[in-house]
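> Make a model of this:
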Amino acid sequence: MFKKSIVTLISTAIVAVFLVSNVSASEVGVDSSKISPKQEVNATSNLAVEGRSFTPTSGPITILDRRLFTLSHTGYDAFSRSFTLQPEDGEDLNIWVKNNHRSKTVYFRVERTDNGQDFGDRKLGPGDQLTRTFDMKNGNGLQGTWRVYVYTKDGHNMDIDVSARQY
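Numbering: from 1, shown residues only. A predicted model of the protein is given here:
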């Protein structure tokens, strides 16, 4: 009798775990595009930040942030990524680039293409990283079509990490 109860209990637990592990976020009414892990953004040496005082950690990334993209790029071609910001997603935009190359420099440009604003190029030496922060503190939030462009002047093989988030 005792063995049968234990077997029944274990079987029920296994079935429950299987069922829960196979349920997607959309099946329980959660928009999975809004889910992102909570983590600290840690900076290493050579961190530079524009626009305001900024500590090496930008704070936790929360589920309220809109992560636009996080990716790595290697190759001889320039990196270019356009994205659209919505005012309801926040007043701040962080764009981070890290140059993973050991001996070569890359250049990092941010543009707002729907109104022709060019925020200029920044030079990233080997191992350097840069966070460019943009904000709209009038209560309306950031909007428009933006572009991140990372390139070389000598055509070398790039190795970069790029991330953008609106909050």
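
> Got the confidence number for the closest residue to Q86 other than its chain neighbours?
Distances taken as CB to CB, 6 or more residues apart in numbering place Q143 nearest to Q86, at 6.3 Å, with adjacent residues excluded. For every residue, glycine as well, the C-beta is placed using N, CA and C. With respect to pLDDT, Q143 has a value of 95.

> likewise I61?
46.

> go on, the one 4 residues further on?
pLDDT recorded at D65 is 62.

> Check Y167 too.
Note on Y167: pLDDT of 89.

> residue ranges of the helices in the chain, please?
For the chain, the helices defined by DSSP state H occupy 2-21.

> ok so, going back, who are the neighbours in contact with the residue nearest to Q86?
Counting by CB atoms under 8 Å, 6 or more residues apart in numbering, Q143 makes contact with 84-87, 136.

> Go through those residues and name the one nearest G125.
The nearest member of the contacts of Q143 to G125, counting by CB to CB, is L85 at 29.1 Å.

> re earlier: mind listing which of the contacts of Q143 are in strands?
Using DSSP state E, 84-85 are the members of the contacts of Q143 that sit in strands.

> most surrounded residue in the contacts of Q143?
L85 (22 neighbours; other CB atoms under 10 Å).
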